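J.: any chance you can model this:
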Amino acid sequence: MKSDLEALTRVREWYGLHSSTAAEWPVDSLLLAKGATTVSVVLPAHNEESTVGDIVTAIRRDLVERAPLVDEIVVVDSLSTDATASRAAAAGARVVAQEAVLSHLPPLTGKGEALWKGLAATTGDIVVFVDADLRDFGSHFVSGLLGPLLLDRDIQFVKGSYERPYTGADGVAHRGGGGRVTELVARPLLNMFWPELSGFAQPLGGEYAARREVLEQVPFVTEYGVEFGLLVDLLQLVGLDAMAQVDLGVRVHTHQSVAALGRMAGQIMLTAWSRLERQGRLVSPESPAHTLLQFGLDGQADLVDVGVAERPPLATLVLEEDVA
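T.: Okay, the predicted model is just below:
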């Protein structure tokens, strides 16, 4: 009980010192602090033709043309079959095909793979990740995340927080209804095993930023466990005091089906399991199953694979190539 109380006290102290809002980081002050620091924005995108162009347009208009805060905008086209690539390019992004980056490596799938390839394809000292399915996007999502990193050299990683409404089939937005996997899976896991991270309001959110030198030192889970894995690995690498979060307001995006959320939950649980094993906190004679049996409304059962792979820290890959 005492340890739980101590962890809660620690989180409260951290939260007060390391949480802010996007409005606290005006662009003018960020420009003064930017100096020679370069900034890359990466959008992983799979079939997001309806939203990716508007996001790129807003970032380019506000943070490239009006204020030179962002140095490059890169959209990683993750095997899209729609007009994602052409709309992103028309809006002013540099588009790279996921499979074309580090093409000598065996291809893998998933969001984490797109993020890792985006890191490899960019050069900025600070890298900002933004999901490509956001609606009503504002450029403060980027500038807010950059604030703590540009104004405080001790901060290495910044996570976005926000309200996530859920819009049902009736078209009505329900406040606080989003983030179902966060509340049912990720938050309980963090509170049980990594309580230091329990102060992050949106641990699975896709908007975050970090210094390149830090991102290149951690592995990337290739599927939807990537955000969970990054939080845990960065906690171990840089410590809680080097991490911060910024409230970005309201985040509206495309909602997944319950079946898809079930697969995401399985991937996150396997990611947590691998971290517990790696940290020597879990010893098991055999690995957990990576298949999930799901049932449809008609009673039909489908066996799906929720296994996750990992890309190694990019710095180790570059080092190996340099030696070769």
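J.: pull the helix or strand with minimum mean pLDDT from this structure.
T.: When the helices and strands of the chain are scored by mean pLDDT, DSSP states H and E, strand 173-174 comes last with a mean of 60.
J.: beyond it, next helix or strand please.
T.: Per DSSP states H and E, the first helix or strand lying C-terminal to strand 173-174 is helix 180-181.
J.: name the helices or strands packed onto that next one?
T.: helix 258-278 (3 or more C-beta pairs under 8 Å, 6 or more residues apart in numbering; DSSP states H and E). Yep, even glycine has a C-beta here, placed from its N, CA and C like the rest.
J.: pull the residues that contact the helix it packs on.
T.: Helix 258-278 is contacted by residues 180-181, 184-186, 189, 193, 204, 221, 223-226, 228-229, 232-233, 256, 282-284, 288, 290, 292, 294, 296, 304, 306-308, 310 when judged by C-beta atoms under 8 Å, 6 or more residues apart in numbering.
J.: quick one: which of these sit in strands?
T.: Residues from the contacts of helix 258-278 lying in strands, with DSSP state E as the criterion: 221, 292, 294, 304, 310.
J.: pick out whichever of these sits closest to V127.
T.: For those, the minimum distance to V127 (C-beta to C-beta) is 17.0 Å, reached by V221.
J.: need the contact list for S3.
T.: S3 neighbours (C-beta under 8 Å, 6+ apart): none.
J.: what's the separation between it and G239?
T.: Look at S3 and G239: by C-beta to C-beta, to the nearest Å, they are 18 Å apart.
J.: for Q279, grab phi and psi.
T.: Q279 has phi and psi values of phi -90, psi 10 when expressed as degrees, to the nearest 10.
J.: can you classify the residue nearest to it when sequence neighbours are not counted as helix, strand or coil?
T.: Counting by C-beta to C-beta, 6 or more residues apart in numbering, the nearest residue to Q279 once its immediate chain neighbours are dropped is Q236, at 7.2 Å. The assignment at Q236 comes out as helix when based on DSSP: H, G, I helix; E, B strand; the rest coil.
J.: count of residues packed around Q236?
T.: Neighbours of Q236 under the rule other C-beta atoms under 10 Å: 13.
J.: need the residue closest to the centroid of the protein.
T.: When the chain is reduced to its mean C-alpha position, the nearest residue by C-alpha atoms, centre = their mean turns out to be G206, at 3.6 Å.
J.: quick one: contacts for the residue nearest to that one when sequence neighbours are not counted?
T.: Leaving aside its chain neighbours, G206 sits nearest to D131 (3.6 Å; criterion: C-beta to C-beta, 6+ apart). With contact taken as C-beta under 8 Å, 6+ apart, D131 is in contact with 43-44, 206-207, 253.
J.: my guess is L119 meets V218, correct?
T.: No. Look at L119 against V218 with C-beta atoms under 8 Å: they stay out of range, at 10.3 Å.
J.: those two: who's more crowded?
T.: More crowded of L119 and V218, by other C-beta under 10 Å: L119, with 23 against 20.
J.: secondary structure element for the more buried one?
T.: With DSSP H and E as the criterion, the answer for L119 is helix 111-121.
J.: touching that helix from outside, list them.
T.: 42-46, 74, 76, 78, 96, 98, 101-102, 107, 127, 129, 206, 212, 215-216, 220-226, 229, 308, 311, 314.
J.: for E227, which non-adjacent residue is closest in space?
T.: Excluding the flanking residues, the one nearest E227 by C-beta to C-beta, 6+ apart is L204, at 4.9 Å.
J.: what about the one you found, how many neighbours?
T.: Neighbours around L204, by other C-beta under 10 Å: 21.
J.: now it. Its backbone dihedrals?
T.: According to degrees, to the nearest 10, L204 has phi -100, psi 0.
J.: hmm, it is touching R180, no?
T.: No. The pair L204 / R180 is not scored as a contact, 10.1 Å apart, by C-beta under 8 Å.
J.: what angle sits between the helix holding L119 and helix 258-278?
T.: Relative orientation of helix 111-121 and helix 258-278, computed by axes from the mean of the first three to the mean of the last three C-alpha atoms, to 10 degrees: 70 degrees.
J.: which strands or helices does the helix or strand just after helix 111-121 pack on?
T.: Downstream of helix 111-121, the next assigned helix or strand under DSSP H and E is strand 126-129. With contacts taken as 3+ C-beta pairs under 8 Å, 6+ apart, strand 126-129 sits against strand 39-45, helix 111-121, helix 140-151, strand 208-211, helix 212-215.
J.: strands paired with strand 126-129, and their directions?
T.: With DSSP bridges as the test, strand 126-129 is paired with strand 39-45 (parallel), strand 208-211 (antiparallel).
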